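# the sequence isn't on hand, but the structure is:
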């Protein structure tokens, strides 16, 4: 944790590679003319200054960090530039803000892929600059919901983009633009949502009515997931605990507390009958026996690789572990790796199919479907224009996949790898996806609590 300054001398600190100075100088000039107080090194540093200490002072006294992403920034300057971002990326540090500014088409590195960025390729445009200026403006003038992907980020895919859903619901009383995540149950009938607060909520998807409030955490909840049988929900929070809930009654049936030095969950999950739980944080993955509330296995990084996500098989015997360039299948009983699945890009989300025949991995720039027994890669669904992926879910017959990429949801045919159609939620920031049980409709939730449902029967029949 970093100390927080009550008063900031600068509205924005510009972090960039020196090779991009010409572009960044133009950004700084435009912001300054609009009254934004900018920390820009060539304006601040003077001969004789101790550069590291002056930079640290500038970071400490700046409210917003604009991180200029480029091939140059992701090169030799990467480690130095990244080290200055952590206090701004800390979700508990509410007084600061982190804004990625994309200068070119270089693939976005590591954990930065989870952040929405402002597209500044070819010098940006009027809309991109207005988004940047309003996000960096002083005090209460900052619009927290303004940072949305620009039209330049939209993939050029086959098919007509459908903006109007066949059905639209809103989770009543959710508030605006603040969902951290939304997880649908297997049939898409209910959803559990988490925000930056102490309560998770279960909703009826068809009516938008709140069915239950899950209360008990003493710090903000970050993520949630359903058990395979849809009877239980698990939540992870900054209070260093995971809680397992009866989804029908809202009663907490287990509190899991075994973490010491990490607080942010990257992923969390239950097996089918909620007899085991898995939780991945920055310092490793822990697997729990729910009845005894005992941690039965701790798995850390291997070969200097960092774990980023995990999932349990429906019977609770196997763990799917996502590392940056590979996915491992771990036998929990024998405590050994039984399969290594090589990835083409960074790993952000992994899932077993309900029957454990397939594994799906959503990386930085592709979704990959594997056959578990053989380890054979069945299909790679590649991102367009280096747009980061957020989620991918296959249909129960494994013939189709829906993915949230950039500002759109895409429907894919697995056999051909072809995109059949694209859909756009109302407010762009997709935080939840699901298939209905009969594979005839897809469901999408955005951060505003708006749910769109699209009927895809005709699209699939016409392929």
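That came through, no problem. Keep in mind that what you see is a predicted model, and the values were worked out from it rather than measured.
# where do the helices of the chain begin and end?
For the chain, the helices defined by DSSP state H cover 21-33, 41-44, 51-60, 78-83, 86-89, 126-136, 457-461.
# of all those helices, which lies closest to residue 244?
helix 86-89 (28.8 Å; CB to CB). Placement of C-beta: from N, CA and C, glycine included.
# which strands or helices does that closest one pack on?
In terms of contacts (3 or more CB pairs under 8 Å, 6 or more residues apart in numbering; DSSP states H and E), helix 86-89 is packed against strand 97-102.
# okay, the angle between the strand it packs on and helix 126-136?
Interaxial angle of strand 97-102 relative to helix 126-136 (axes from the mean of the first three to the mean of the last three CA atoms, to 10 degrees): 160 degrees.
# give me the contacts around strand 97-102.
Residues outside strand 97-102 that contact it (CB atoms under 8 Å, 6 or more residues apart in numbering) are 27, 63-70, 85, 88-89, 108, 112, 115-121, 132, 135-136, 142, 147.
# partner strands of that strand, parallel or antiparallel?
Applying DSSP bridges, strand 97-102 is found paired with strand 62-69 (parallel), strand 118-119 (parallel).
# tell me which of these lies nearest to residue 393.
strand 118-119 (26.7 Å).
# quick check: residue 8 touching residue 65?
No: with contact defined as CB atoms under 8 Å, residue 8 does not count as touching residue 65 (11.4 Å).
# between those two, which has more neighbouring residues?
residue 65 (23 against 20; other CB atoms under 10 Å).
# show me the contacts for the more buried one.
Residue 65 touches 12, 13, 15, 59, 84, 85, 88, 96, 97, 98, 99, counting by CB under 8 Å, 6+ apart.
# rerun at 7 Å
13, 15, 85, 88, 98 (CB atoms under 7 Å, 6 or more residues apart in numbering).
# in stretch 325-344, which of the residues would be classed as buried?
Of the residues in stretch 325-344, 326, 327, 328, 329, 330, 332, 339, 341, 343 count as buried by neighbour count, 16 or more other CB atoms under 10 Å.
# swap that for stretch 80-91, sorry
Within stretch 80-91, the residues scored as buried using 16+ other CB under 10 Å are 81, 82, 84, 85, 87, 88, 89.
# redo those residues as TSV? Include pLDDT and distance to residue 289.
As requested, those are arranged in TSV below (pLDDT from 0 to 100; distance: CB to CB, whole Å):
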residue	pLDDT	distance to residue 289
81	80	42
82	75	37
84	77	41
85	81	37
87	76	37
88	83	38
89	76	33
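# got the domain ranges for the protein?
Taking automatic domain parsing as the criterion, the chain consists of the domains 10-153, 161-461.
# quickly, which of those domains bottoms out on average pLDDT?
Of all the domains of the chain, mean pLDDT reaches its minimum on domain 10-153 (a mean of 78).
# re earlier: among the domains of the chain, which is the most enclosed?
Among the domains of the chain, judged by mean count of other CB atoms under 10 Å, the one packed with the most neighbours on average is domain 161-461 (a mean of 19).
# what about it, distance to the chain center?
10 Å (CA atoms, centre = their mean, to the nearest Å).
# let the chain start at 12 from now.
With 12 as the first residue, the last one maps to domain 172-472.
# which among the buried residues of stretch 91-102 gets closest to residue 374?
Relative to residue 374, the closest of the buried residues of stretch 91-102 is residue 93; by CB to CB it sits at 19.6 Å.
# distance of the closest one relative to residue 441?
Residue 93 is 26 Å from residue 441, where distance means CB to CB, to the nearest Å.
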